[in-house]
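S.K.: give me coordinates for this.
(one chain, ligands or ions: 2)
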Amino acid sequence: MVVPVAELHMHIEGSLEPEQIYQLAERNRIDLPYRDIDDLRSRYEFTDLQSFLDLYFANMAVLRTAEDFADLTRAYFRRAAAAGVAHAEFFFNPQAHVARGVPLSAVLEGIMDAVSTSEREFSISSAAIAAVLRDQPVRGAEEMLAEIIRLQAPIVGLGLDSAEVGNPPSLFEDVFARARAEGLHVVAHAGEEGPPEYIWQALDLLGAERIDHGVRALEDPALVQRLVDEEIPLTVCPLSNVRLRVFDTLSEHPLRSMLELGLIVTVNSDDPAYFGGYVDDNFAGLEKELGLTESERDVLARNSIKASFASSARKAELLR
Ligand code: ADE
Ligand code: ZN
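M.R.: Ligands and ions are numbered 1, 2, ... in the order given. You can find the predicted model right below:
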């Protein structure tokens, strides 16, 4: 029996495929700064996180209406269902859209329309996590959270993403305290490009319940012990790590060492349209390049369901 997977680390804007960028540009009468779709595709070569983020934010220009966000989210669910995903918790970046003049209410309307029917349409239970852009002023994060609370947005959590180095979690301590007080779950990208210290901060200052990426925890044995002892899940994204040059190749990825250390590792696609694939592609790569076994895959799948914010009833159903 194959255990279904929960995907816990996926940016919905990072599931925007080149074909859909062209379709939405046409629908919204937006001129793209590319000669054609092949020219766009030729730009999917990254040297680090920032080189990817530049293209990721530029391509969001085609997302204008609630319908665009609903279509984007449904396209992800359709592909995720084919990848064996039964539960999805995905990020979205409100600040990036509001800064372009797209109201948060439109973003939420579209995303939540797709979330509300994902179980019926795709057999995927789902939830959205608003992610703070850590390379923007703290004030922007505070305003975003205030607006989310004012609109009573039906999201499950607050996350922290974008350019990591030089933008430590400590900057956002108060924002995350407010989110926790509002009953939101809290997660944070840490230890992708940034140092282990940022993972300590995410735990101690933000109260992060999961660490997104966290691969650089391996540089700090005391931190590894803490993550193991407190059973803090890590949402690891192998193909992303290779495409953003965190590791040179998948065969050098430390995922197996992480499992052997007793860390609660899960496998995720991060930005599947940009990094060479969805969750199934990540598992296939790990099988091929790392010799991932069926029982290891099973552990990873079970970890993902246990680490999710799904109800206990849903978790029990998926773990059966
Ligand atoms: N935003 C989208 N993908 C990201 C990643 N891998 N790290 C940080 N911010 C992101
Ligand atoms: Zn990410």
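S.K.: tell me, how many residues neighbour the residue nearest to Gly262 when sequence neighbours are not counted?
M.R.: Nearest residue to Gly262 in three dimensions, chain neighbours excluded: Val228, at 4.5 Å (C-beta to C-beta, 6 or more residues apart in numbering). Every C-beta, even on glycine, is put in place using the N, C-alpha and C of the backbone. Neighbourhood size, Val228 [other C-beta atoms under 10 Å]: 14.
S.K.: which residue ranges of the stretch 51-200 of the chain form strands?
M.R.: 85-92, 125-133, 157-161, 185-190 (DSSP state E, counting those that start in this stretch).
S.K.: pLDDT value on the residue of the stretch 151-300 of the chain with the smallest separation from ligand 1, please?
M.R.: When distances are taken as C-beta to the nearest ligand atom, the stretch 151-300 of the chain reaches nearest to ligand 1 at Asp161, 3.5 Å away. Predicted confidence (pLDDT) for Asp161: 98.
S.K.: thought it was touching Phe92?
M.R.: No: using C-beta atoms under 8 Å, Asp161 is not in contact with Phe92; the gap is 10.2 Å.
S.K.: name the nearest residue to Asp298, sequence neighbours excluded.
M.R.: Leaving out its chain neighbours, the residue that sits closest to Asp298 by C-beta to C-beta, 6+ apart is Val3, at 5.5 Å.
S.K.: pretty sure the one you found is touching Arg302, no?
M.R.: Yes: contact criterion C-beta under 8 Å: Val3 and Arg302 qualify, at 5.8 Å.
S.K.: list, one by one, the residues from the stretch 1-150 of the chain near ligand 1.
M.R.: Contact residues, the stretch 1-150 of the chain versus ligand 1 (C-beta under 6 Å from any ligand atom): His11, Gly14, Leu49, Tyr56.
S.K.: redo those as CSV? Include pLDDT, secondary structure and distance to Ser308.
M.R.: Formatted as CSV, these follow (pLDDT from 0 to 100; DSSP: H, G, I helix; E, B strand; the rest coil; distance: C-beta to C-beta, whole Å):
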residue, pLDDT, secondary structure, distance to Ser308
His11, 98, strand, 17
Gly14, 98, helix, 19
Leu49, 96, helix, 25
Tyr56, 98, helix, 25
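S.K.: just put those residues in a markdown table and tack on neighbour count and distance to His213.
M.R.: As requested, these are exported to a markdown table (neighbours: other C-beta atoms under 10 Å; distance: C-beta to C-beta, whole Å):
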| residue | neighbour count | distance to His213 |
| --- | --- | --- |
| His11 | 27 | 12 |
| Gly14 | 23 | 14 |
| Leu49 | 22 | 10 |
| Tyr56 | 21 | 16 |
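S.K.: just give me the closest of those residues to ligand 1.
M.R.: Nearest to ligand 1 among these is His11, at 4.1 Å by C-beta to the nearest ligand atom.
S.K.: was I right about that closest one contacting Asp271?
M.R.: Yes: using C-beta under 8 Å, His11 is in contact with Asp271, at 5.4 Å.
S.K.: anything in contact with each of these two?
M.R.: Counting by C-beta atoms under 8 Å, 6 or more residues apart in numbering, the shared contacts of His11 and Asp271 are Tyr56.
S.K.: tell me the mean pLDDT over stretch 183-201?
M.R.: 98.
S.K.: actually stretch 307-314, sorry about that
M.R.: 98.
S.K.: one more: stretch 211-224?
M.R.: 98.
S.K.: what of stretch 254-274?
M.R.: In this model, stretch 254-274 has an average pLDDT of 98.
S.K.: next one: stretch 125-134
M.R.: Average pLDDT, stretch 125-134: 98.
S.K.: now do stretch 290-300
M.R.: Here the average pLDDT along stretch 290-300 is 97.
S.K.: so for that stretch, what gets flagged as buried?
M.R.: Leu290, Leu292, Glu296, Arg297, Leu300 (16 or more other C-beta atoms under 10 Å).
S.K.: can you tell me how far the closest residue in space to the fourth one that isn't next to it in sequence is from Asp113?
M.R.: In other words, Arg297. In this structure, Arg297 finds its nearest non-sequential neighbour in Phe283, 6.2 Å apart by C-beta to C-beta, 6+ apart. Distance of Phe283 to Asp113, computed by C-beta to C-beta, to the nearest Å: 29 Å.
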